[in-house]
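**Q** fold the following, please.
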Amino acid sequence: MHDFIETYLSKMVTAIQALDRSSIAATIEAIERCGKAGGTIFIIGNGGSAATASHMANDLSGGLKLREIRRFRVVSLADNVALNTAIANDIGYENVFYAQLKDQVAPHDLLIAISCSGNSPNIVKAVRYCKTLGVPVVGLTGFDGGELRAVSDVSYHVPTDRGEYGVVEDLHMVLDHVIYSFFVSLKPGSSTHYSLR
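**A** Have a look, this model is predicted:
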């Protein structure tokens, strides 16, 4: 058991060390641009990544607003169970996110797409649609990154062996908390103060 724990934590450390720090900065900048343009940040993901989408929406909207730091409009498209299951049942699961974005998303918005493999059909379809409209896409991926990594404007990629879902999802949450903590640090009186530049 102790060997397993050590191996898992070592994989996390290795993946953290391999992260492209500039992709984190680029994600923060994309969020800030969207906010200044009055856009909406849409977040999509399946399974564990749906939970990450919900968590990110919580942190970047309510979490920052309640602390009077930022008032971003953030929507996790994974959160409406009734709508998601209706779309999946009526026109197919591959349309769950595309159908919600269709005729709603605009170029001043931002799509954050989360997929460990980068090849989830419903994620890819939504991303392709947004790309046709000029909507910027931040892709959170793992393994080899798949199609999502290739087409994202900003790629936050966790390099791991295929199937290392735990490590990838752990480090997707790390991104959320880095972003949230960075914006918190901008508030006057914060113990650690940084600027966007």
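
**Q** tell me the strands beside the strand or helix carrying Ile41, with direction?
**A** Taking DSSP states H and E as the criterion, Ile41 maps to strand 40-45. Sheet pairing of strand 40-45 (DSSP bridges) gives strand 73-76 (parallel), strand 110-114 (parallel).

**Q** what's it in contact with?
**A** Strand 40-45 is contacted by residues 31, 34-35, 51-53, 56-57, 60, 72-78, 97, 101, 105, 109-115, 122-123, 126, 140 when judged by CB atoms under 8 Å, 6 or more residues apart in numbering. To be clear about C-beta, it is placed using only N, CA and C from the backbone, and glycine gets the same treatment.

**Q** could you dump it to CSV, C-alpha only?
**A** Output of strand 40-45 as CSV, limited to C-alpha atoms (Å, rounded to 0.1, in the frame of the first residue of the first chain):
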residue,chain,number,x,y,z
THR,A,40,-19.5,34.8,-20.5
ILE,A,41,-17.1,32.0,-19.6
PHE,A,42,-18.7,28.6,-20.5
ILE,A,43,-17.1,25.5,-19.0
ILE,A,44,-17.7,21.9,-20.3
GLY,A,45,-16.6,18.5,-19.2
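
**Q** for the helix or strand following it, give the mean pLDDT please.
**A** Downstream of strand 40-45, the first helix or strand assigned by DSSP H and E is helix 48-57. Here helix 48-57 scores 98 as its mean pLDDT.

**Q** in whichever helix or strand comes after helix 48-57, what counts as buried?
**A** Counting by DSSP H and E, the element after helix 48-57 in chain order, helix or strand, is helix 64-66. Residues of helix 64-66 classed as buried: Leu64 (neighbour count, 16 or more other CB atoms under 10 Å).
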